Every structure is written in C-alpha cells, then in structure tokens.
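A.B. asks: Pasting the sequence and the predicted coordinates here, then a few questions.
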Amino acid sequence: MSDREVLRHLEALYDTPDPWKMTSQKEQFRFARTNDILARKLIAPASQVGSILEIGCGEGHQSEHLARLCAQLTAIDVVSTAIERARIRAAHVEWVLGNLQDQPWVAEGRKFDIVTACEVLYAFRDIPKTLQLMSRLGQTCLVTYFAGAAHAVERPLRAMPLAGRESFVFDDVTWHAVWWRTT
C-alpha cells in the first residue's frame with residue numbers, strides 16, 4: 001500500500017469517534033504497562049526525562065500517559081483529525097502534523113531522550129528505515145506491537161541492538177515491547 005493509500009485509510013478511520021477503542025480497559029491497560037516499562041527500564045532511577053518523541057500519537061490517548069514521564073512531549077501523526085482531537089486532550093504537548101522524515105528537526109539533528117513508536121510500525125512502508133530514523137532521533141528507543149503483527153516487525157527489529165524485551169497480556173491479547181539505547 002502506498003503512503004497516500006495508508007493516509008486515506010487512516011483518515012477514513014477517524015471519521016468515527018475513538019476508532020481504535022482507546023478508552024477501553026484493554027487499551028488503558030496497554031498505556032499503563034507501556035509507561036511502567038518506560039519508567040522501570042528506560043528512565044529509572046529518575047522519575048522523568050527531559051524529552052520524549054511519540055511517533056503515531058493518534059488522538060493523544062497514550063500521549064496523556066507519556067507526558068507524565070517527561071518535561072516535554074513532542075507527538076506526531078499524519079492525520080489532521082487525530083491531531084485536532086489530541087490538542088483538545090492535552091494542550092501542553094507539542095503536537096506535530098506530518099510525516100516524521102519531513103520534520104525540520106530531523107535534518108537539524110534534534111535529539112530526544114526517548115523516542116516511542118507504540119502500535120504504529122505496521123503503518124510504515126519501510127520499517128527498517130523508520131527504526132534507523134528513530135535511532136538517529138533518540139538516545140533510547142521503545143517499540144511496542146501487537147503479537148499478531150509480529151511477522152511485520154520482528155525481522156527489522158532483529159537488526160537493532162536491543163537492550164531489552166518484555167511482553168504483557170490483557171485477556172487474550174499479547175503485546176511485545178522492545179527497546180534499545182543509541183548512546
């Protein structure tokens with residue numbers, strides 16, 4: 001699927017409120033577990049880092065959780081409706097509409113303490129390139145993905161210098177979290 005087709009598909013999903021069921025117990029559990037992993041494995045012994053970049057922020061549901069772990073959260077998505085809804089959810093976040101690779105701070109060499117891509121790698125046509133870009137942008141990177149989509153992300157992730165891996169389960173759904181350090 002081309003980038004344009006992916007964008008059209010995502011825009012169509014946002015024609016409905018809460019297209020991903022982010023207010024469900026299952027998703028709230030996922031957000032809490034992701035934050036727990038970040039706090040224990042990537043941030044501890046501190047309680048916060050200076051900056052986090054959230055790739056694929058959608059309507060900002062996970063952003064609300066991530067904002068607790070940093071002084072500055074930058075959150076990016078390609079869908080304007082999602083960013084509009086996210087801005088209502090949390091005003092103190094730097095919301096960015098557009099493609100990750102097109103941002104001026106990519107070329108400027110901006111570094112974030114942590115870069116996250118939670119449940120979003122499947123939307124990228126070139127996952128290895130996205131992982132490399134994450135490594136350029138972050139001192140530490142975290143990816144989470146649904147076990148059912150492991151076939152799409154596991155192989156590219158094997159090329160990364162992983163520092164850790166954890167899985168977590170809610171009812172019959174399993175997610176995997178992997179992280180690596182670039183410094």
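C.D. replies: Perfect, thanks for sending it. Numbers count the residues shown, from 1 in each chain.
A.B. asks: What are the buried residues along stretch 78-97?
C.D. replies: 78-79, 81-83, 85-86, 90, 93, 95-96 (16 or more other Cβ atoms under 10 Å). Quick note: C-beta positions are derived from backbone N, CA and C, even for glycine.
A.B. asks: what does stretch 36-46 give?
C.D. replies: Here stretch 36-46 shows 37-38, 41-43 as buried, counting by 16+ other Cβ under 10 Å.
A.B. asks: again, but for stretch 161-170
C.D. replies: 166, 168.
A.B. asks: Also stretch 112-125?
C.D. replies: Applying 16+ other Cβ under 10 Å to stretch 112-125 flags 112-121, 123-124 as buried.
A.B. asks: Out of the buried residues of stretch 36-46, list just those in helices.
C.D. replies: residue 37 (DSSP state H).
A.B. asks: between the buried residues of stretch 36-46, which is closest to residue 170?
C.D. replies: Closest approach to residue 170 among the buried residues of stretch 36-46 (Cβ to Cβ): residue 37, at 14.3 Å.
A.B. asks: Quick check: closest non-adjacent residue to that closest one.
C.D. replies: Leaving aside its chain neighbours, residue 37 sits nearest to residue 177 (5.1 Å; criterion: Cβ to Cβ, 6 or more residues apart in numbering).
A.B. asks: helix, strand or coil for that neighbour?
C.D. replies: strand (DSSP: H, G, I helix; E, B strand; the rest coil).
A.B. asks: Which stretches in the protein count as helices?
C.D. replies: Counting by DSSP H, the helices of the chain are 3-13, 25-37, 61-66, 80-89, 104-107, 127-137, 150-158.
A.B. asks: For the residue sitting nearest the centre point of the chain, give me its contacts.
C.D. replies: In the chain, the centroid-proximal residue (Cα atoms, centre = their mean) is residue 117; its distance is 2.6 Å. By Cβ atoms under 8 Å, 6 or more residues apart in numbering, the contact set of residue 117 is 55-56, 130, 134, 141-144.
A.B. asks: With residue 118 instead?
C.D. replies: Contacts of residue 118 (Cβ under 8 Å, 6+ apart): 34, 54, 56, 62, 142-144.
A.B. asks: Tell me how far it lies from residue 134.
C.D. replies: According to Cβ to Cβ, to the nearest Å, residue 118 and residue 134 sit 12 Å apart.
A.B. asks: Residue 104 now?
C.D. replies: Counting by Cβ to Cβ, the gap from residue 104 to residue 134 is 17 Å.
A.B. asks: ok, now residue 5?
C.D. replies: Counting by Cβ to Cβ - residue 5 and residue 134 are separated by 23 Å.
A.B. asks: Same check on residue 141?
C.D. replies: Distance from residue 141 to residue 134, by Cβ to Cβ: 5 Å.
A.B. asks: Can you check which residues contact both of the two?
C.D. replies: 115, 117.
A.B. asks: name the helices or strands packed onto the helix or strand of the chain at the bottom of the mean pLDDT ranking?
C.D. replies: Counting by mean pLDDT, DSSP states H and E, the chain has its least confident helix or strand at helix 3-13, which shows a mean of 77. Where contact means 3 or more Cβ pairs under 8 Å, 6 or more residues apart in numbering; DSSP states H and E, helix 3-13 is packed against helix 80-89.
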